[in-house]
Each structure stands twice: as structure tokens, then as C-alpha cells.
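In: Sequence plus the predicted model coming up.
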Amino acid sequence: MVQIKISILTISMMVLILVVPSLHFVEAQDVRPITVSMGVYIVNIGRFDVGTGSFTADFYLWFSWKGNWSLEGDASGKAFPERFELMNGKIDKITLLDSSRNLPGGYNYLLYRIQASLTDPVNLQDYPLDQHNLTIEVEDQILTISDLVYEPDSQSGVDSLVRIQGWDILATSISSKTREHLYKTTFGFPNQNHTETYSRFVFTLPIYRPVLSSLIKTMIPIMVILLIAMISFLVKPENFGPRISLNVTTFLAAVANHLNLTASIPPVGFLTLADRLMISVYIVLVYALAVTVGLAAISNERRLLLVKRLNQTGGVVAPIAAIILVGMQFFL
């Protein structure tokens, strides 16, 4: 009888040893976050407003994942990643195109067609040779990284027919990635003393202004203004009236060109490339004007040789200074 009790005890111990770890393993499996693969395919981009960084996008968005179709205890029966939102804009229209569950391999799948209004911050320091990133940022409304983790799908991309008026697409730098986003707030939830981190999917479409046309539109007026300023050194110093008129006219033309060049962008608290180029032009024009006034002030019969030499020196210094100052701005 004792042997039977010992045998029963031994068997019970073995069962506990084998079963308990399995139960823990199942529990660990249940609490692991579900990885959801997602992707974006853009079919149209509306006009990009560089002043506000806003644009419209028409795109396909899809999710695929293994595991339960919906959250356990969710009476609505909604698909696991269905409660998503755009973090840098709003959805204007959404259409569910495919909703498949229990596909081969245990996968589930959702496909949407979305039209949205989006906004991204813009950096105009390199204007008119600026480059910007148009992004689509997606995050779940309620599930933190303990429940859901996004994974970018390599099939994301942009349709070959997509065009953005006045901009070129930098196709080699199109990318999709995910990152963790921490909210440093409890959103006022009662008795909660911890913050939450969510998985965020980011699709990036880099665009840039056509370099050749932007340079032509920017540099030709600048070159013409500087050329006219250089011509002033060919006017004899004794012809003060025509020469000073030429200097003042080129200065006014430079100011008008500066205003026209920056009219398409909002006021900013820093100097853009266009501003720096025009400041370089102003420096050269002020130098040319100063030389004209200085020569007139010292001009007399006994100083004709000095006046001639100063005028010739100014005619050499001005173009060299113009080339150096303007060229430097493209490397700052």
C-alpha cells in the first residue's frame, strides 16, 4: 500500500514537472505582442503647399498578421489592427477592399483604399533648392507595443504614374519603417501612473525641386544684376550722374528680385539660400556704389591717377567678390 502511494506521488510530481512549464509557455505565448505587417502603395499625390506643408494622398493600406482575427473579449468583432489612425493628418474617405481571415499559413488580411489630407513640417533653409519628406504615419488607437508591433512590408511603394506639380520624386530614397513612440502623459486616466508606448509605421516619400530649372530661375536674374553692376566700373568716374544712376537702379532691381524670389514661401525666422544669395549681391552692389561715391569725392586734377587706379582695382575686386560670396552660399 505504501509503495502504491509512493508511485502515485512520483507520477504526480512528474506530471507537475512536465505540465507546469508548458502552461507557463502557453501563457507567455498569449501575452507576446502580435506582429502586424503593413504597407502603403501611393497612387496619387495632390498639390503640395510648401507654405503649410500640407498635401493630399490617395493610397492603398494593408495589414497582414498571424493569430486571432480580433482581440479576445472584444464584442465588436473588429479585426485586430482595424482601429488605426493617421498621426499626421485625417482620413477623408476610406473603403475596405478586402477582409480575409484564416488564409493559408494562418494569416489574416485587410486592404483599404484611403484618401487623406496630411501635413508634414517643412525646412526652407535650402530654398529654392529645398527637399522635403512627405510621410504617411500610422498608429493604433488603443493597442500599445505590449499588444501590437508594426513591421514594414517590402511591397510598399509609389505608382510610376504619380506626379507632383513643380516637384520631382527621389525614388531611390523612398522608405518605410517603424519606430516606438512614447506619450509622456497618462491622458488623465484615473489612478494610472505610467505612460504608454505605441508602435508607429512611417512611409516616407522624398521630393525635391528640379535642380536645373530652379538654378536658372534663381541665378539668371542675379547674374544680370551683377553684370550691370560691373558695367558701372567702365563708366568714367567724372560721369558721376550716369554712374550713380546705374548703381542705384541695379540696387532697386536686386530688392525687387529678392521680394519676387521669396514671395512663394511664408515668412520664416531664418535665412534661406535665396536670402543668402541676395545678401551677397547687396554686398557687391554696396561696394560698387561706395566706389562711385568715393571716386567722386576725391576726384580732381591732381588725383586723376589715383582715381583711375582705384576704379580699376574696384573693377577687379567686385567680380571676384561676387563669385566668392555667391559660390560660398551653396556650401553653407
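Out: Right, received. Where do you want to start? This one's a predicted model, so the numbers in the text were calculated from it and none came from an experiment. Residues are numbered from 1 along each chain as shown.
In: Tell me the buried residues in stretch 65-85?
Out: 65, 69, 71, 79-82, 84 (16 or more other C-beta atoms under 10 Å). Glycine gets a C-beta too; all of them are placed from N, C-alpha and C.
In: of those, the lowest pLDDT goes to which?
Out: Ranked by pLDDT, these bottom out at L71 (80).
In: helix/strand/coil for it?
Out: coil (DSSP: H, G, I helix; E, B strand; the rest coil).
In: these two touch, right, it and F80?
Out: Yes - between L71 and F80 there is a contact at 6.3 Å, judged by C-beta atoms under 8 Å.
In: Which of the helices or strands spans the most centrally placed residue in the chain?
Out: Residue closest to the average C-alpha location in the chain (C-alpha atoms, centre = their mean): N133, at 2.7 Å. Assigned by DSSP states H and E, N133 belongs to strand 131-140.
In: Helix, strand, or coil at the spatially closest residue to A288 that is not a sequence neighbour?
Out: Nearest residue to A288, sequence neighbours excluded (C-beta to C-beta, 6 or more residues apart in numbering): A229, at 4.8 Å. Following three-state DSSP, the label given to A229 is helix.
In: what's the spacing between S213 and R243?
Out: 35 Å (C-beta to C-beta, to the nearest Å).
In: Which one's more surrounded, those two?
Out: R243 (25 against 12; other C-beta atoms under 10 Å).
In: and the end-to-end length of stretch 178-189?
Out: In stretch 178-189, first residue to last residue: 27 Å (C-alpha to C-alpha, to the nearest Å).
In: And for stretch 47-60?
Out: 19 Å.
In: Return the mean pLDDT over it, rounded to an integer.
Out: For stretch 47-60, the per-residue pLDDT averages 94.
In: what separates that stretch from the chain centre, distance-wise?
Out: 12 Å (C-alpha atoms, centre = their mean, to the nearest Å).
In: Which residues outside it are in contact with it?
Out: Applying C-beta atoms under 8 Å, 6 or more residues apart in numbering, the contact partners of stretch 47-60 are 40-46, 92, 97, 111-122, 124, 130, 132, 134, 136, 164-167, 207, 264-266.
In: Beyond the lowest-mean-pLDDT helix or strand in the chain, next helix or strand please.
Out: Sorting the helices and strands of the chain by mean pLDDT, DSSP states H and E puts helix 2-31 at the bottom, at a mean of 44. Per DSSP H and E, the first helix or strand lying C-terminal to helix 2-31 is strand 34-45.
In: what is the orientation angle of that following strand with strand 131-140?
Out: Relative orientation of strand 34-45 and strand 131-140, computed by axes from the mean of the first three to the mean of the last three C-alpha atoms, to 10 degrees: 140 degrees.
In: Cool, thanks, talk later.
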